[in-house]
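Participant: Structure for the following, please:
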Amino acid sequence: MTEPADAEARRAVKPVICYPVDTLPAPDMALYHRARRAVQKLDEVRVPPRKARCFQVPAGHFFRITSVEGPQVGDLNLFNARDVNERFYSGKTRALHGTHITTGHRMWSGFPHLRPMATVTHDTLGWYGTDPFGGSVHDVIGTRCDPYTHNLLSGGQYHHCCHSNLTRALADHLDVSKAEAEPHVHDVLNVFMCTGFIRDTGQYFMKASPVRPGDYLEFFAEIDLLGNLSACPGGDCSSEHSSDTAACHPLLVEVFAPAGGALSGWQPPAINGYDQSHGV
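Facilitator: Sure, this is the predicted structure:
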């Protein structure tokens with residue numbers, strides 16, 4: 001191919017943000033922080049290494065994911081607890097907030113609902129920012145490690161990839177077969193995972209997570225939620241994405257209820273207002 005004479009001019013065209021968020025409904029972070037001052041712990045779920053567990057969070061409650069015992073990343077799926085067909089949409093979350101999310105960002109559900117499911121209220125790794133390699137924490141880039149890609153690249157049958165972990169946990173929770181549960185497993189929020197894109201090839205990379213025991217990511221549940229969290233078989237993802245050799249640790253999920261009246265006036269978000277006529 002011959003480079004055109006105006007190649008540099010074309011490359012120099014300034015980018016345009018696809019989805020400016022100036023008019024995006026903003027969470028009332030001050031209200032959430034006031035409500036968080038006095039809460040009661042309702043439940044906790046410990047996610048074993050290389051496994052997944054489901055948990056439920058009522059609308060208007062908080063849930064926290066904490067690294068315990070050692071550095072560990074997790075793959076998080078979210079569903080509407082009343083209708084698993086409404087689930088987290090990582091692509092639209094990425095388009096609205098960027099490749100990684102932190103305090104004040106929201107996890108959005110897919111079409112036709114397109115509404116906030118959860119809002120990040122606290123992030124103890126918020127200090128990390130973006131490193132010299134372009135890496136950052138809590139990504140909505142990666143899909144989840146899965147046995148299909150593992151088989152494609154390496155052969156063999158590895159059953160503790162996050163996709164399989166999430167499938168087993170959801171099947172158990174819903175009391176359905178793995179075949180019925182698997183289509184509901186979706187692209188994740190990679191909690192604590194440090195990732196980015198290699199500049200020259202555009203390839204997705206991972207590096208050792210900066211997470212340490214006691215670090216946490218906390219959310220406000222905007223609707224009734226069913227969560228499904230996998231403690232990734234890559235551990236801190238410093239070198240292994242899915243293996244039986246990486247050092248892996250459990251993750252802790254805790255659910256908290258605010259004091260009565262703390263959320264006075266708050267209402268769960270309505271589903272998206274588009275009429276679904278699609279021009280017909």
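Participant: wait, Ser243 sits on Cys232?
Facilitator: No. Contact criterion C-beta atoms under 8 Å: Ser243 and Cys232 do not qualify, at 10.3 Å. (Glycine included, C-beta is placed from N, CA and C.)
Participant: between these two, which one's more packed in?
Facilitator: More neighbours surround Cys232 than the other of Ser243 and Cys232, with 33 against 17 (other C-beta atoms under 10 Å).
Participant: What is the neighbour count of the nearest residue to that one once chain neighbours are set aside?
Facilitator: If the residues on either side of it in the chain are set aside, Cys232 comes closest to Val73, at 5.0 Å by C-beta to C-beta, 6 or more residues apart in numbering. When counting by other C-beta under 10 Å, one arrives at 29 neighbours for Val73.
Participant: just Ala181 next, same as before
Facilitator: 21.
Participant: What residues does it make contact with?
Facilitator: With contacts defined as C-beta atoms under 8 Å, 6 or more residues apart in numbering, Ala181 is in contact with 167-168, 170-171, 174.
Participant: Kindly recompute the last result at 7 Å.
Facilitator: 167, 170-171, 174 (C-beta atoms under 7 Å, 6 or more residues apart in numbering).
Participant: Let me see the contact set for Cys237.
Facilitator: By C-beta under 7 Å, 6+ apart, the neighbours of Cys237 are 73, 193, 206, 208-209.
Participant: switch the cut-off to 8 Å
Facilitator: Going by C-beta under 8 Å, 6+ apart, Cys237 touches 73, 193-194, 206-209.
Participant: Which residue, other than its chain neighbours, is closest to it?
Facilitator: Met206 (4.4 Å).
Participant: Kindly report the same for Val21.
Facilitator: Per C-beta to C-beta, 6+ apart, closest to Val21 is Leu96, 6.0 Å.
Participant: The one you found contacts Asp22, doesn't it?
Facilitator: No. Using C-beta under 8 Å, Leu96 is not in contact with Asp22; the gap is 11.7 Å.
Participant: middle-most residue in the protein, spatially?
Facilitator: Nearest to the geometric centre of the chain sits Leu189, at 1.7 Å (C-alpha atoms, centre = their mean).
Participant: I'd assumed Val137 was in contact with it.
Facilitator: No. Look at Leu189 against Val137 with C-beta under 8 Å: they stay out of range, at 11.0 Å.
Participant: The stretch 151-280 of the chain: strands as residue ranges?
Facilitator: Counting by DSSP state E, counting those that start in this stretch, the stretch 151-280 of the chain has strands at residues 189-197, 204-207, 216-221, 225-231, 251-258.
Participant: how distant is the fourth one from the center of its chain?
Facilitator: On the basis of C-alpha atoms, centre = their mean, to the nearest Å, strand 225-231 is displaced by 10 Å from the centre of the chain it belongs to.
Participant: could I have that strand exported to CSV, CA atoms only?
Facilitator: What follows is strand 225-231, C-alpha atoms only, in CSV (Å, rounded to 0.1, in the frame of the first residue of the first chain):
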residue,chain,number,x,y,z
LEU,A,225,-29.2,-7.5,42.5
LEU,A,226,-28.0,-11.0,42.1
GLY,A,227,-24.2,-11.0,42.0
ASN,A,228,-21.9,-13.8,40.8
LEU,A,229,-18.2,-13.5,41.7
SER,A,230,-15.3,-15.7,40.6
ALA,A,231,-11.9,-15.7,42.3
